[in-house]
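Visitor: have a look at this fold, sequence not included:
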């Protein structure tokens, strides 16, 4: 694509165009260039002249104060001698401190330090001259009292000029904003939270004439802030006062402007606003604003992700750079929810080459376009491929020689895999073994498998197949120098096929919203958090570990359904019905992240643990893989489920009551032995 663009650019600027069309902008620019330079020069000369007037006036005032407005003739003559070099020293101090790089109308608290620095340098030079010059240079030696009086007057004066310019600018901008606001209707809003984030939000909204919002006041539960005025906006009350404030002021919606609101805060505010009722919106996180990732003005609707209240992930940035920077990184399943987010996170650490492996063409196209737009300098290779196709994957490994492989491609939909057990085994087990073996053959540094909480005491084919994939990874770690690790976590909010997009689609159609069971609980984390922790686990893995991510507190699916309906501006069980459809085959009411047979060891990261799970014996794993391959190839669905229960003592897959075909080879007795646990 890049070559095509370059080629088209060459055609557009080639000899087929008329010379006149190319030359006109240059002549136009040539005329305007000197004019702009002259304007800039005139402005700078005017600023220098104003500062000169202030410095001379300050020196004169200091002299008058020193001699009680009656300067002796001798001292007056000495003062005229001293004036030029005093002003020269002060000018030099201002230039060295960078004062003349500032734009006057944007002067603020951050720039005051430069003026203080200039004043300190000036005082230091003048005092050294006062104390260091011999007596016969007495006309050059400025009295200390004059130095102490002149310095605050001089530097305070030049700072005052700039503050005055900003005041005039702000007043003019405010006048234009009032004129603009009178021309169009603005929506009255309340800001919940008068802290740092609230101040930033108020400042941004007030300075943007193109925003259709009018701030009526702050709401904050801090007693110290009541009745105070912040950024010209009054704190009107607490969140308990929201109902009458909304009615009295005709509020259209409230904006949550709390820097780090917890899940409990969001739920409480949502509950209060639901009773009024009033629409709830939120500003981006303060950390994102301060890092320049988003603007305060990007006010958005409150999302279900906000109600999760997940704390920001702290990453080992240096370790991540060592793991990814300058390396060829392969991400499989790159068009999926987790795979695409993993690709976004990898890009941050500047890999030399990023291989996106995905068999869904359109999904691959979308993530490729997104990454190319955001990082045009990135070396990116989109590869349409099935991870189970040995010839295709071997050719990719041979051509690009990846150094890190992150394997996210998998069949993950539990009820659907119950009807397609053979495909689950082929994709989740044997594609993992293929990629793992290729990684070992081609000396890949690290291989990271994305696993699931459903691999713990599996009741579904999907969970059992991912548990076997973990066994495959542990077996490969014994055979190759590559570091093989697996990472388990639960559901992610907003992933393709997950419950939240389904709820939103059902609400869009007018309902009903379907929940399998009123007591169904699930762990949830956001997609970026999951991807970041997967990479962090890849950094710390020594080889053979199964990492378990801290998923926080489980969430009731019924509560998620209610909150999703509320955030859509509707009332659950009134505007949108919620119905219960029953637990589907292979599903649990409560997912688990650890087994009783395993011990979790802490790592240096508070959200990542190591499951001390002993690997199965090599012969046992190899025999199991042969048997699974035979059953999957022959499409023996019931036999597959039965074999999973025999291979994995903790598995509880339901098997149909019909007689099961017995293959000629018998299952060895040792296959049913339970796996040991290492301490």
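Guide: Right, received. Where do you want to start? Being a predicted model, the structure only gives us computed values, none of them experimental.

Visitor: so where do the strands sit in the stretch 251-400 of the chain?
Guide: 253-256, 279-282, 300-301, 328-332, 353-358, 380-384 (DSSP state E, counting those that start in this stretch).

Visitor: lowest mean pLDDT across those, which one is that?
Guide: Note on the strands of the stretch 251-400 of the chain: lowest mean pLDDT is at strand 300-301, with a mean of 60.

Visitor: could you list the buried residues of the helix or strand where residue 559 lies?
Guide: Take DSSP states H and E as the rule and residue 559 turns out to sit in helix 557-567. Judged by neighbour count (16 or more other CB atoms under 10 Å), helix 557-567 contains these buried residues: 557-558, 560-567. In short, each C-beta sits where N, CA and C put it, glycine included.

Visitor: so which elements touch that helix?
Guide: helix 263-275, helix 304-308, helix 499-508, strand 513-515, strand 578-580 (3 or more CB pairs under 8 Å, 6 or more residues apart in numbering; DSSP states H and E).

Visitor: what angle sits between it and helix 499-508?
Guide: Here helix 557-567 runs at an angle of 50 degrees relative to helix 499-508 (axes from the mean of the first three to the mean of the last three CA atoms, to 10 degrees).

Visitor: pLDDT on helix 557-567, on average?
Guide: In this model, helix 557-567 has an average pLDDT of 78.

Visitor: and stretch 449-467, by the same measure?
Guide: The model assigns stretch 449-467 a mean pLDDT of 88.

Visitor: among the helices and strands packed on helix 557-567, show the one with the smallest mean pLDDT.
Guide: Taking the mean pLDDT of these, helix 304-308 comes last: a mean of 61.

Visitor: I'd say residue 125 and residue 89 touch.
Guide: Yes - the pair residue 125 / residue 89 is scored as a contact, 5.3 Å apart, by CB atoms under 8 Å.

Visitor: before we move on, back to that, now tabulate the helices and strands packed on helix 557-567 in CSV and tack on mean neighbour count.
Guide: What follows is the helices and strands packed on helix 557-567, written out as CSV (neighbours: other CB atoms under 10 Å):
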stretch, mean neighbour count
helix 263-275, 16
helix 304-308, 20
helix 499-508, 17
strand 513-515, 20
strand 578-580, 13
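
Visitor: and residue 352, which of these is closest to it?
Guide: helix 304-308 (32.7 Å; CB to CB).

Visitor: centre of the chain to the edge, which residue is at the far end?
Guide: Here the centre of the chain is the reference, and by CA atoms, centre = their mean the most remote residue is residue 73, at 69.9 Å.

Visitor: so who does that one touch?
Guide: By CB atoms under 8 Å, 6 or more residues apart in numbering, no residues touch residue 73.

Visitor: what confidence value was assigned to it?
Guide: Listed pLDDT for residue 73 reads 78.

Visitor: for it, grab phi and psi.
Guide: Backbone torsions for residue 73, taken as degrees, to the nearest 10, come to phi -60, psi -40.

Visitor: how many neighbours does residue 617 have?
Guide: Around residue 617 there are 15 other residues, counting by other CB atoms under 10 Å.

Visitor: ditto for residue 188
Guide: Applying other CB under 10 Å, I find that residue 188 has 15 neighbouring residues.

Visitor: can you tell me how far it is from residue 460?
Guide: 51 Å (CB to CB, to the nearest Å).

Visitor: can you add mean neighbour count and distance to residue 422 and give the strands of the stretch 251-400 of the chain back as JSON lines?
Guide: Below are the strands of the stretch 251-400 of the chain laid out as JSON lines (neighbours: other CB atoms under 10 Å; distance: least, CB to CB, whole Å):
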{"stretch": "strand 253-256", "mean neighbour count": "22", "distance to residue 422": "49"}
{"stretch": "strand 279-282", "mean neighbour count": "19", "distance to residue 422": "46"}
{"stretch": "strand 300-301", "mean neighbour count": "12", "distance to residue 422": "43"}
{"stretch": "strand 328-332", "mean neighbour count": "26", "distance to residue 422": "20"}
{"stretch": "strand 353-358", "mean neighbour count": "25", "distance to residue 422": "22"}
{"stretch": "strand 380-384", "mean neighbour count": "17", "distance to residue 422": "24"}
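
Visitor: can you add distance to residue 150 and give these back as JSON lines?
Guide: Shown next, in JSON lines, are these (distance: least, CB to CB, whole Å):
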{"stretch": "strand 253-256", "distance to residue 150": "49"}
{"stretch": "strand 279-282", "distance to residue 150": "52"}
{"stretch": "strand 300-301", "distance to residue 150": "54"}
{"stretch": "strand 328-332", "distance to residue 150": "63"}
{"stretch": "strand 353-358", "distance to residue 150": "62"}
{"stretch": "strand 380-384", "distance to residue 150": "62"}
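
Visitor: could I get the full set of helices for the stretch 401-550 of the chain?
Guide: In the stretch 401-550 of the chain, the segments counted as helices under DSSP state H, counting those that start in this stretch are 414-418, 421-424, 431-441, 461-479, 499-508, 527-540.

Visitor: for those, give me JSON lines that also has distance to residue 575.
Guide: As requested, the helices of the stretch 401-550 of the chain are exported to JSON lines (distance: least, CB to CB, whole Å):
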{"stretch": "helix 414-418", "distance to residue 575": "28"}
{"stretch": "helix 421-424", "distance to residue 575": "38"}
{"stretch": "helix 431-441", "distance to residue 575": "45"}
{"stretch": "helix 461-479", "distance to residue 575": "35"}
{"stretch": "helix 499-508", "distance to residue 575": "9"}
{"stretch": "helix 527-540", "distance to residue 575": "29"}
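
Visitor: winner for burial among those?
Guide: helix 461-479 (a mean of 25; mean count of other CB atoms under 10 Å).

Visitor: mind checking how far that helix is from the chain centre?
Guide: Relative to its parent chain, helix 461-479 has a centroid offset of 32 Å by CA atoms, centre = their mean, to the nearest Å.

Visitor: what number of residues lie near residue 321?
Guide: Look at residue 321: counted by other CB under 10 Å, it has 14 neighbours.

Visitor: sorry, back to before: now distance to residue 617 too, for the buried residues of helix 557-567, in CSV please.
Guide: Putting the buried residues of helix 557-567 into CSV (distance: CB to CB, whole Å) gives the following:
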residue, distance to residue 617
557, 39
558, 44
560, 42
561, 45
562, 49
563, 48
564, 47
565, 51
566, 53
567, 51
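
Visitor: which of the residues you listed lies closest to residue 148?
Guide: Distance to residue 148 across the buried residues of helix 557-567 (CB to CB) is lowest for residue 567, with 62.7 Å.

Visitor: how much space separates the closest one from residue 505?
Guide: Going from residue 567 to residue 505 by CB to CB gives 14 Å.

Visitor: can you check residue 281 too?
Guide: According to CB to CB, residue 281 and residue 505 sit 22 Å apart.

Visitor: now swap in residue 342 and tell me
Guide: Taken as CB to CB, the span from residue 342 to residue 505 is 25 Å.

Visitor: cool, residue 377 as well?
Guide: From residue 377 over to residue 505 (counting by CB to CB), the distance is 38 Å.

Visitor: how about the closest residue to residue 625 other than its chain neighbours, what does it touch?
Guide: Using CB to CB, 6 or more residues apart in numbering and skipping the chain neighbours, the partner closest in space to residue 625 is residue 433 (6.8 Å). By CB under 8 Å, 6+ apart, the contact list for residue 433 reads 472, 476, 625.

Visitor: quick check, pLDDT for residue 433.
Guide: 96.

Visitor: likewise for the one 4 residues further on?
Guide: Turning to residue 437, the model gives it a pLDDT of 96.

Visitor: got it, and residue 488?
Guide: Per-residue confidence at residue 488 stands at 84 (pLDDT).

Visitor: ok, it - contacts?
Guide: Contacts of residue 488 by CB under 8 Å, 6+ apart are 451-453, 455-456, 546-549, 593, 611.

Visitor: how about 7 Å then?
Guide: Residue 488 is in contact with 451-453, 455, 546-549, 593, counting by CB atoms under 7 Å, 6 or more residues apart in numbering.

Visitor: low-confidence ranges in the stretch 151-300 of the chain?
Guide: Scanning the stretch 151-300 of the chain for pLDDT under 70 picks out the ranges 173-185, 207-211, 259-263, 284-300.
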